[in-house]
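A.B. asks: structural data only, the sequence is not supplied:
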C-alpha cells in the first residue's frame, strides 16, 4: 500500500502491567479507505482501537512492544488529547453520549479542538438530530444517540475515524441507514475509517479491506470482496455455508475449524 | 421583621450558593470533596484586605479574585495533579491538609485578631415601606446574583464551559474528543477559588471584619451542598437560599428562646432532617450501590 495513513507493527498491549490483551497485531490502513476489523467478543478489537486513539492510557493499558505509525510519526502511548488534536477520533462502543447535555451541546464538545461550529454539516447527514437539538442526549433513541456520537466526532475534524461497533443494540433498519451514512462520510468528507464490527456482513459490504482477529491476534486479512467470498468467513462470521444457514449439529465441526483459524 | 429577616437570609443564601457552586464544580468534575472551600473563602477575603492597604478597593477586589484563581490553579497543579489515579479518599484527606495549611498561614501572617474589612458599599440603609435593607445587603445580593449568572452563562454558552460539563458526565468520551481532562480539573479549581474569593469579599463586607475563623463559613457551605445534592448546580442555589433563610429566621425567632449561637446550628439541624428523608439531597443524583 503506497499511501499509508496508519500502520501497526506487531504491537503488544498489556493492561495493569500483567494482562496481555494484544499479542502482536499488525495492520495497515490506506488513506481514504474504510477498513473493518472483525472478530468475536474478547478478541481485542476494542483494545486495538483504544491503543490507536490513546484511550488505553486512562485504563492503565500500555503498548509494550511494536510501533504505531500515524502519518509518518510514531504515536504509541501518547495522550488521547494529543492524538485527537492530530485527527484521530474514536467513537466509543455504547455511544457514550453526554446524557446531561443537549444535542447541540454534545456537538459543541465535538467542536472543542477544531473550533468548527458547522453544526449544519452534521444535521445534513443526520436530519433527525436537527429536530431534537434542544433535547437532552439521554432522551434520544439508540439510533439517534449513535448518530449524535458520529456527528460530534465529525466536528472534531477527524482524519482517521475509529468506530467501535456502531450497530450495537440497534434495529436492522437503523443499522443499514447508519452504515450508508458512514460510507457517505468516508467519500464526501475524505475521512479514513477503521470500523470494528460484529455484523460482518454489513461491514464487509462498505469496507475496502478487512482484518479478522481472534484471541489478540490477526488471523486473516484481505480485500473485503475476497473475505466475503471466503468459505470460513462466510461460515463463522456470517453464519452461512453453501447449503444455507448452519445448524447447531455442526458445532463440533465449528470447533475443529476454529482451532485451525487460531 | 419577618420580611426583613427573609431578605437578610436570601442575601446570605445567595452568597452561600455562590461559594457552594465552586464546591459542586470540583465535585462534579473530579469527585473530590474539597474540604478547603471555606479556607479559600477566607484566603480570598484576606488577600483583598491586604491589597486594599495600598490599592483602591475596586482594584484590590479585582486583583484578589485573579490571585485566588491563580492560587486554585496552582493548588491543582502542585498538590492534586500528582494524586490523579490514587484512591479518592487520599485526595479528600489532602484537601483537609490544605485547609489546615491555609489556616496556619493566615494565622501566621495576619494573627488571630479581627481586622476591619474595607467597605465596598456606603453605610446606611434603603428604606421601603418601613422595611430597612442595609445597602451592604442589597449590594451583596445583587453582586452574588450577577456572579451566579456569569457562572451559569459560562457553563451553558461557552465551549470551554460545555466541555467541562462533558468531562463531569463522561470522562473518557470527553477525552476521545480531545478535551484535556487535566486542564478541566485545573480550571475547575481556578474557578472554584475565584467564586470563593468573591464570596469572601461579600461576606467580609457584611460582617464588617474578618479573622481566621472566617473559614467556618465552609461548614455552612457543606450544609448547602449536602442539602442540595453534591453534584447539582440548581441544588447548590436552592440549598444556599434555604440555608441562608433558615439561618436568618432561626436567628430572629428561635435565638431568644434557646440562646445565642442557635442561628449557626439551626441550618445544620434542618439539613439533618432533610437528609433523613432524601439521602442524596434535594437534587442530587441517586445512586444505587450493590454490595
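C.D. replies: Alright, I've got the coordinates. No experiment lies behind these values; they were computed from the predicted model shown.
A.B. asks: pick out the residue of the stretch 151-291 of chain B closest to chain A.
C.D. replies: The stretch 151-291 of chain B approaches chain A most closely through residue B:178 (3.1 Å), counting by CB to the nearest CB. Where C-beta positions appear, they are placed from N, C-alpha and C, glycine not excepted.
A.B. asks: over to the stretch 1-150 of chain B?
C.D. replies: For the stretch 1-150 of chain B, CB to the nearest CB, closest residue to chain A: residue B:85, 8.3 Å.
A.B. asks: what about that residue, how many neighbours?
C.D. replies: 8 (other CB atoms under 10 Å in any protein chain shown).
A.B. asks: wait, what's in contact with the residue in the stretch 1-150 of chain A that chain B sits nearest to?
C.D. replies: Scanning the stretch 1-150 of chain A for the residue nearest chain B gives residue A:84, at 3.1 Å (criterion: CB to the nearest CB). By CB atoms under 8 Å, 6 or more residues apart in numbering or on different chains, the residues touching residue A:84 are A:53, A:113, A:156, B:175, B:176, B:177, B:178.
A.B. asks: and which of the residues you listed is nearest to residue B:234?
C.D. replies: residue B:177 (26.2 Å; CB to CB).
A.B. asks: leaving out the residues flanking it, which one is nearest to residue B:63?
C.D. replies: Setting aside the residues directly before and after it, residue B:63 is nearest to residue B:51 in space (CB to CB, 6 or more residues apart in numbering or on different chains), at 5.5 Å.
A.B. asks: and that neighbour, what pLDDT?
C.D. replies: The predicted structure scores residue B:51 at 96 on the pLDDT scale.
A.B. asks: neighbours of it, how many?
C.D. replies: Residue B:51, neighbours per other CB under 10 Å, totals 19.
A.B. asks: you'd agree it is up against residue B:60?
C.D. replies: Yes. Using CB atoms under 8 Å, residue B:51 is in contact with residue B:60, at 3.5 Å.
A.B. asks: could you tell me how many residues sit around residue B:96?
C.D. replies: Using other CB under 10 Å as the criterion, residue B:96 is surrounded by 13 other residues.
A.B. asks: flag every residue of chain A that's near chain B.
C.D. replies: Contacts of chain A with chain B, taken as CB under 8 Å from any CB of the partner chain, map to A:53, A:55, A:58-59, A:80-81, A:84-85, A:89-92, A:96-101, A:105-106, A:108-113, A:115, A:152-153, A:156.
A.B. asks: show me which of the residues you listed are buried.
C.D. replies: By neighbour count, with 16 or more other CB atoms under 10 Å in any protein chain shown, those hold A:53, A:55, A:58, A:80-81, A:84-85, A:89-92, A:96-98, A:100-101, A:105-106, A:108-113, A:152-153, A:156 as buried.
A.B. asks: which element, helix or strand, includes the closest residue to residue B:110 other than its chain neighbours?
C.D. replies: In space, and not counting its chain neighbours, residue B:110 is closest to residue B:46: 6.0 Å by CB to CB, 6+ apart. Here residue B:46 sits within helix B:37-51, counting by DSSP states H and E.
A.B. asks: how far off centre is the next helix-or-strand element following that helix?
C.D. replies: Downstream of helix B:37-51, the next assigned helix or strand under DSSP H and E is helix B:57-75. Mean-position distance between helix B:57-75 and its chain equals 15 Å (CA atoms, centre = their mean, to the nearest Å).
A.B. asks: so which elements touch helix B:57-75?
C.D. replies: helix B:37-51, helix B:181-207 (3 or more CB pairs under 8 Å, 6 or more residues apart in numbering or on different chains; DSSP states H and E).
A.B. asks: what does that helix contact?
C.D. replies: So helix B:57-75 is in contact with B:36, B:40, B:43-44, B:47-48, B:51-52, B:55, B:98, B:118, B:120, B:186-187, B:189-194, B:196-198, B:201, going by CB under 8 Å, 6+ apart.
A.B. asks: ChimeraX command for the buried members of these?
C.D. replies: Remark: buried members of the contacts of helix B:57-75, expressed as a ChimeraX selection using 16+ other CB under 10 Å:
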select /B:36,40,43,44,47,48,51,52,98,118,120,186,187,189,190,191,192,193,194,196,197,198,201
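A.B. asks: what about the stretch 151-262 of chain A, any weak spots by pLDDT?
C.D. replies: For the stretch 151-262 of chain A, the stretches with pLDDT under 70 are A:240-262.
A.B. asks: ok, now with 90
C.D. replies: Low-confidence segments of the stretch 151-262 of chain A, defined by pLDDT under 90: A:169, A:198-199, A:230-262.
A.B. asks: need the helices for chain B, in chain order.
C.D. replies: Using DSSP state H, the helices found in chain B span residues B:2-30, B:37-51, B:57-75, B:88-110, B:135-157, B:159-169, B:171-176, B:181-207, B:217-228, B:233-249, B:255-258, B:262-277.
A.B. asks: flag every buried residue along the third one.
C.D. replies: By that I understand helix B:57-75. Those would be B:60, B:61, B:64, B:65, B:67, B:68, B:69, B:71, B:72, B:73, B:75, for helix B:57-75 by 16+ other CB under 10 Å.
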